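*Asks:* fold the following and give me the result.
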Amino acid sequence: MSNNRSGSFIGGVLLGAAVGTLTGLLMAPRTGRETRQFIKKSANALPELAEDLSTSVQIQADRLSESALRNWDDTLDRLREAIAAGVEASQKESQVINRSEAPAEPNPPILDRL
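*Replies:* Residues are numbered from 1 along each chain as shown. From the prediction side, this is the model:
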């Protein structure tokens, strides 16, 4: 679920950047020549920007993966503890039940007590 939100966020950022760039170009108070030079410089910077974005996404993915692994390990530890506690409680209850079901020793006859 977290990876889906991250992908949606990154997609939104890229879409917003594209819309903002297009709007800026259309509303810019520059001449056509200046705008073309700006676009050329921006296009030349795109590979570096894409590499930086890729690196950032990879770092975030690694962090999420490590976090998920830690959470999974913690969950497994708690589950093992709960199972061990359940087994122990079951064994104790079984011993209590076995003691209460054991037949009581009959009282010796009155003559034997004398």
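*Asks:* would you map the strands across the protein?
*Replies:* Using DSSP state E, no strands are found in the chain.
*Asks:* so which residues of this protein form helices?
*Replies:* 2-27, 32-101, 110-113 (DSSP state H).
*Asks:* I'd like those laid out as a markdown table, including mean neighbour count and mean pLDDT.
*Replies:* For every residue, glycine as well, the C-beta is placed using N, CA and C. Formatted as a markdown table, the helices of the chain follow (neighbours: other CB atoms under 10 Å; pLDDT from 0 to 100):
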| stretch | mean neighbour count | mean pLDDT |
| --- | --- | --- |
| helix 2-27 | 10 | 78 |
| helix 32-101 | 10 | 86 |
| helix 110-113 | 7 | 54 |
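*Asks:* distance-wise, check the residue nearest in space to the middle of the chain relative to Gln60.
*Replies:* Of all residues in the chain, the one closest to the mean position by CA atoms, centre = their mean is Ala68, 4.0 Å from it. Distance, Ala68 to Gln60, by CB to CB, to the nearest Å: 13 Å.
*Asks:* with Leu26 instead?
*Replies:* To Gln60, Leu26 is 33 Å away according to CB to CB.
*Asks:* got the CA positions of stretch 28-47 in PDB?
*Replies:* C-alpha atoms of stretch 28-47 as PDB (Å, rounded to 0.1, in the frame of the first residue of the first chain):
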ATOM      1  CA  ALA A  28       6.600  33.800 -20.400                       C
ATOM      2  CA  PRO A  29       7.500  37.300 -21.400                       C
ATOM      3  CA  ARG A  30      10.400  36.100 -23.500                       C
ATOM      4  CA  THR A  31      11.000  36.300 -27.200                       C
ATOM      5  CA  GLY A  32      10.800  33.100 -29.300                       C
ATOM      6  CA  ARG A  33      14.600  32.900 -29.500                       C
ATOM      7  CA  GLU A  34      15.100  33.200 -25.800                       C
ATOM      8  CA  THR A  35      12.400  30.600 -25.100                       C
ATOM      9  CA  ARG A  36      14.000  28.200 -27.600                       C
ATOM     10  CA  GLN A  37      17.300  28.600 -25.900                       C
ATOM     11  CA  PHE A  38      15.700  28.000 -22.500                       C
ATOM     12  CA  ILE A  39      14.000  24.900 -23.800                       C
ATOM     13  CA  LYS A  40      17.300  23.600 -25.200                       C
ATOM     14  CA  LYS A  41      19.100  24.200 -21.900                       C
ATOM     15  CA  SER A  42      16.200  22.500 -20.100                       C
ATOM     16  CA  ALA A  43      16.300  19.500 -22.500                       C
ATOM     17  CA  ASN A  44      20.000  19.100 -22.000                       C
ATOM     18  CA  ALA A  45      19.500  19.000 -18.200                       C
ATOM     19  CA  LEU A  46      16.800  16.300 -18.400                       C
ATOM     20  CA  PRO A  47      19.100  13.300 -18.400                       C
END
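*Asks:* done for today, thanks.
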